[in-house]
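Trainee: Mind folding the following:
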Amino acid sequence: MKINVGSADKVLRVVAGVVIIACGIAFKSWWGAIGVIPLATAFVGFCPLYSLLGVSTCKVKH
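Mentor: Alright, predicted model coming up:
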């Protein structure tokens, strides 16, 4: 797995993940569990969809 998620992208993913989870808790919906996906991709630094599309927001080539 090559790192393909840059630092600004990671921040946006963490914020989005937390917001989605918070909305799920606030509305008492299991759909908030979807917020785990952006959090996981932010912490791992790899997005499978980016890999399929050939996109990388990471400035440094690994």
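Trainee: Which elements pack onto the helix or strand where Leu52 lies?
Mentor: Leu52 belongs to helix 48-53 when assigned by DSSP states H and E. With contacts taken as 3 or more Cβ pairs under 8 Å, 6 or more residues apart in numbering; DSSP states H and E, helix 48-53 sits against no other helix or strand. From N, CA and C alone the C-beta is placed, and that goes for glycine too.
Trainee: Can I get it in PDB? Just the C-alpha atoms.
Mentor: Taking C-alpha atoms only, helix 48-53 is exported to PDB below (Å, rounded to 0.1, in the frame of the first residue of the first chain):
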ATOM      1  CA  PRO A  48      -8.500   2.400  -1.900                       C
ATOM      2  CA  LEU A  49     -10.700   4.600  -4.100                       C
ATOM      3  CA  TYR A  50      -7.800   7.000  -4.800                       C
ATOM      4  CA  SER A  51      -5.700   4.000  -5.800                       C
ATOM      5  CA  LEU A  52      -8.300   2.800  -8.300                       C
ATOM      6  CA  LEU A  53      -8.600   6.300  -9.800                       C
END
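Trainee: Could you list the buried residues of that helix?
Mentor: By neighbour count with 16 or more other Cβ atoms under 10 Å, helix 48-53 contains the buried residues Tyr50.
Trainee: How far does it sit from its chain's centre?
Mentor: Centroid separation for helix 48-53 versus its chain: 12 Å, with Cα atoms, centre = their mean, to the nearest Å.
Trainee: Please, which helix or strand holds Ile37?
Mentor: Under the criterion of DSSP H and E, Ile37 resides in helix 36-44.
Trainee: which outside residues touch the helix or strand bottoming out on mean pLDDT in the chain?
Mentor: Lowest on mean pLDDT, DSSP states H and E among the helices and strands of the chain sits helix 48-53, with a mean of 95. In this structure, residues lying in contact with helix 48-53 by Cβ atoms under 8 Å, 6 or more residues apart in numbering are 2, 4-5, 56-57.
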